[in-house]
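Enquirer: Sequence and predicted structure below; questions after.
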Amino acid sequence: MTDELLGQFGNGIRLEVPFLFFLLFSVIGYYRLPLKAFSFKSNPWFYLFVGLCFVSFFNPINPFPVSALVPLSFVTQMLLLLKVIERNFTRDQIYRGIFDGLTITITIQFFLAICYPVLGIEALASFFKGEAAMHWAERREGYRSAVGIFTHPGHLALYCLISVVFFLANYLNHYEKKLSTAVIGMSLFVLFLTYSRTTYIVLMAVVILLWVIFRQGKGVFTFKNILIFAIGFSFLLFVFYLSPLSEMYLKSDSEEQFDNRFIHGLLGYEIWRQSKLIGIGVNSHVYYLAHKLVSDPFGGKVTMDFFTSNPIHNIHVIIAAEVGILGLLTWLSYVISKVHRLSKLCSTSNSYINIINMTFVGVLTSLFLYGFFGWSPFDTSIFGTAIFIGYFATTNTNDEKGIEVY
């Protein structure tokens, strides 16, 4: 489409990894995919997403009207893979695929983290994503961060957090407890080496949330559960403050990073002011900042190069800027409704439902909280993983028999 960055989803349509897996499954014989499989009656949120993209195409102030094709293309390829999996595999096979897939990928991240930064083998740090990965790995003075197969430590940290959530859900439901414990340990080790301060805090909040859901066996939005969560999270924050890790917040570049996010947030607000109801178009805010934003809220006192060439470090501000109040309300409604409904279905007689639902509640909460301080939830590796897990989360307690627990 263009050599310039359009928004948080990138600047071009390409064949994604999910589509390659879709082709692979089709070639080896898993090609059963009737037309009726493409019904989304049970998940109208997909139609709302397509509707927001459709509005973006005809938005008169969208600086790059076809920018929405980038995320739409990715989601379409993702859904092709999901539909093939759903129609050709059993629930047990799907679950085991998630379990084994995350185990393998986290083991790879663990090995790469040992190589860099622990052993300092820079060749492996830049092998997958080139020098861009090394730039971000060495961005903070005094620390060298793990990047694994990702471009940015933040992306790796959030992926490890998803892994912790999934295997903690397995552990709590007594499924492969020893292996789950081992993968949680590897995930925490790699997450620690990313030095992602935001992810540390989100991790504490999500672990407390999952523990509350598991112990109470009810939805999270009750006074008792909210109180237990608040007390538990406050206690962990206090322990964190007393630990050596607090030094990264108090004696590093934390103030500078806060200022950067504040500036980016104000620029997002300036974009939102241009079109409060429907925004300026899906996946177009970076291009808009670079080419269309006329007013400078800082009066020339801030160097704007970084802020006009990188996504805003707040996904909620991005949503408000790109799809306006309508999009922001849709996003908030989705998060609240999913967490509310699925958290009530984490203590059923169906172990598959318990694990997948608890995982998606944790993942969605992680993305929501992390999203206040970064745009990593919109990285396709994170976004795609969340879609995959969320697709198989269910409110149907009469679904197929759960996985065998031992």
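Expert: The structure has been received and is ready for your questions. Computed from a predicted structure; not experimentally measured.
Enquirer: Just the C-alpha atoms of stretch 193-208, please, in CSV.
Expert: Output of stretch 193-208 as CSV, limited to C-alpha atoms (Å, rounded to 0.1, in the frame of the first residue of the first chain):
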residue,chain,number,x,y,z
LEU,A,193,14.2,-10.8,31.3
THR,A,194,12.1,-8.6,29.1
TYR,A,195,12.1,-6.0,31.9
SER,A,196,8.6,-4.9,30.8
ARG,A,197,7.4,-3.0,33.8
THR,A,198,3.8,-2.8,32.6
THR,A,199,3.6,-6.5,32.2
TYR,A,200,4.9,-7.1,35.7
ILE,A,201,2.0,-5.1,37.1
VAL,A,202,-0.6,-6.6,34.8
LEU,A,203,0.7,-10.1,35.7
MET,A,204,0.0,-9.5,39.4
ALA,A,205,-3.5,-8.2,38.6
VAL,A,206,-4.4,-11.1,36.4
VAL,A,207,-3.1,-13.8,38.7
ILE,A,208,-5.2,-12.4,41.5
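Enquirer: Centre of the chain to that stretch, how far?
Expert: Distance of stretch 193-208 from its chain centroid, counting by CA atoms, centre = their mean, to the nearest Å, is 13 Å.
Enquirer: Residue numbering should commence at 781 henceforth.
Expert: With the count now opening at 781, the last piece we talked about shows up as stretch 973-988.
Enquirer: which residues touch it?
Expert: With contacts defined as CB atoms under 8 Å, 6 or more residues apart in numbering, stretch 973-988 is touched by 893, 897-898, 920, 923, 925-927, 933-934, 936-938, 940-941, 944-945, 948, 971, 1009, 1012-1013, 1016-1017, 1020, 1025, 1028-1029, 1034, 1142, 1145-1146, 1149-1150, 1153-1154. The way it works is simple: take the backbone N, C-alpha and C, and place the C-beta from them, glycine included.
Enquirer: now do 7 Å
Expert: 893, 897, 920, 923, 925-926, 933-934, 936-938, 941, 944-945, 948, 971, 1009, 1012-1013, 1016-1017, 1020, 1025, 1028-1029, 1142, 1145-1146, 1149-1150, 1153-1154 (CB atoms under 7 Å, 6 or more residues apart in numbering).
Enquirer: Drop anything exposed from those.
Expert: The neighbour-count criterion (16 or more other CB atoms under 10 Å) marks 893, 897, 920, 925-926, 933-934, 936-938, 941, 944-945, 948, 971, 1009, 1012-1013, 1016, 1028-1029, 1142, 1145-1146, 1149-1150, 1153-1154 among those as buried.
Enquirer: and those residues, which of them are in helices?
Expert: The helices, defined by DSSP state H, take in 893, 933-934, 936-938, 941, 944-945, 948, 971, 1009, 1012-1013, 1016, 1028-1029, 1142, 1145-1146, 1149-1150 from those.
Enquirer: correct me, but Ile1169 touches Val1141?
Expert: No: using CB atoms under 7 Å, Ile1169 is not in contact with Val1141, being 10.2 Å away.
Enquirer: Compare the two and say which is more crowded by neighbours.
Expert: Neighbours were counted for Ile1169 and for Val1141 using other CB atoms under 10 Å; Val1141 has more, 28 against 21.
Enquirer: quick one: that one from Cys940, how far?
Expert: Going from Val1141 to Cys940 by CB to CB, to the nearest Å gives 18 Å.
Enquirer: next one: Pro1024
Expert: 20 Å.
Enquirer: Who has more neighbours out of the two?
Expert: Each of Pro1024 and Cys940 has its neighbours counted (other CB under 10 Å); Cys940 has more, 30 against 6.
Enquirer: Next, the contact list for that one, please.
Expert: By CB under 7 Å, 6+ apart, the contact list for Cys940 reads 889, 967, 970-971.
Enquirer: Tabulate those residues (JSON lines), appending distance to Gln857 and pLDDT.
Expert: Formatted as JSON lines, these follow (distance: CB to CB, whole Å; pLDDT from 0 to 100):
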{"residue": "Gln889", "distance to Gln857": "24", "pLDDT": "95"}
{"residue": "Ser967", "distance to Gln857": "27", "pLDDT": "97"}
{"residue": "Val970", "distance to Gln857": "28", "pLDDT": "96"}
{"residue": "Leu971", "distance to Gln857": "28", "pLDDT": "95"}
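Enquirer: Chain neighbours aside, what residue packs nearest to Gly787?
Expert: Among residues not flanking Gly787 along the chain, Asn1063 sits closest, at 3.6 Å (CB to CB, 6 or more residues apart in numbering).
Enquirer: what kind of secondary structure is Ile1060 in?
Expert: What DSSP: H, G, I helix; E, B strand; the rest coil gives for Ile1060 is coil.
Enquirer: I figured it was touching Leu1069, is that so?
Expert: No: look at Ile1060 against Leu1069 with CB under 7 Å: they stay out of range, at 10.0 Å.
Enquirer: anything in contact with each of the two?
Expert: Shared contacts of Ile1060 and Leu1069 (CB under 7 Å, 6+ apart): none.
Enquirer: Tell me the buried residues in the biggest helix by length in the chain?
Expert: Criterion DSSP H: the longest helix present in the chain is helix 1095-1122. Residues of helix 1095-1122 classed as buried by neighbour count (16+ other CB under 10 Å): 1095-1104, 1106-1108, 1110-1111, 1114, 1118-1119, 1122.
Enquirer: Stretch 896-915 too?
Expert: Within stretch 896-915, the residues that count as buried by 16+ other CB under 10 Å are 896-897, 902, 904-906, 909, 913-914.
Enquirer: contacts for that stretch?
Expert: Residues outside stretch 896-915 that contact it (CB under 7 Å, 6+ apart): 892, 895, 917, 924-927, 929-931, 973.
Enquirer: Restrict that stretch to CA atoms and write it as PDB.
Expert: Provided in PDB are the C-alpha atoms of stretch 896-915 (Å, rounded to 0.1, in the frame of the first residue of the first chain):
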ATOM      1  CA  TYR A 896      20.400 -13.500  24.900                       C
ATOM      2  CA  PRO A 897      20.600 -11.600  27.200                       C
ATOM      3  CA  VAL A 898      22.000 -14.200  29.700                       C
ATOM      4  CA  LEU A 899      24.900 -15.400  27.500                       C
ATOM      5  CA  GLY A 900      25.000 -12.300  25.300                       C
ATOM      6  CA  ILE A 901      24.800 -14.100  22.000                       C
ATOM      7  CA  GLU A 902      23.600 -11.200  19.900                       C
ATOM      8  CA  ALA A 903      23.400 -13.100  16.600                       C
ATOM      9  CA  LEU A 904      20.400 -15.000  18.000                       C
ATOM     10  CA  ALA A 905      18.700 -11.900  19.200                       C
ATOM     11  CA  SER A 906      18.700 -10.400  15.800                       C
ATOM     12  CA  PHE A 907      18.300 -13.600  13.800                       C
ATOM     13  CA  PHE A 908      14.400 -13.400  13.500                       C
ATOM     14  CA  LYS A 909      13.700  -9.700  13.300                       C
ATOM     15  CA  GLY A 910      17.100  -8.100  12.400                       C
ATOM     16  CA  GLU A 911      18.700  -5.100  13.900                       C
ATOM     17  CA  ALA A 912      15.300  -3.600  14.900                       C
ATOM     18  CA  ALA A 913      15.100  -6.300  17.600                       C
ATOM     19  CA  MET A 914      18.600  -5.400  18.900                       C
ATOM     20  CA  HIS A 915      17.700  -1.700  19.000                       C
END
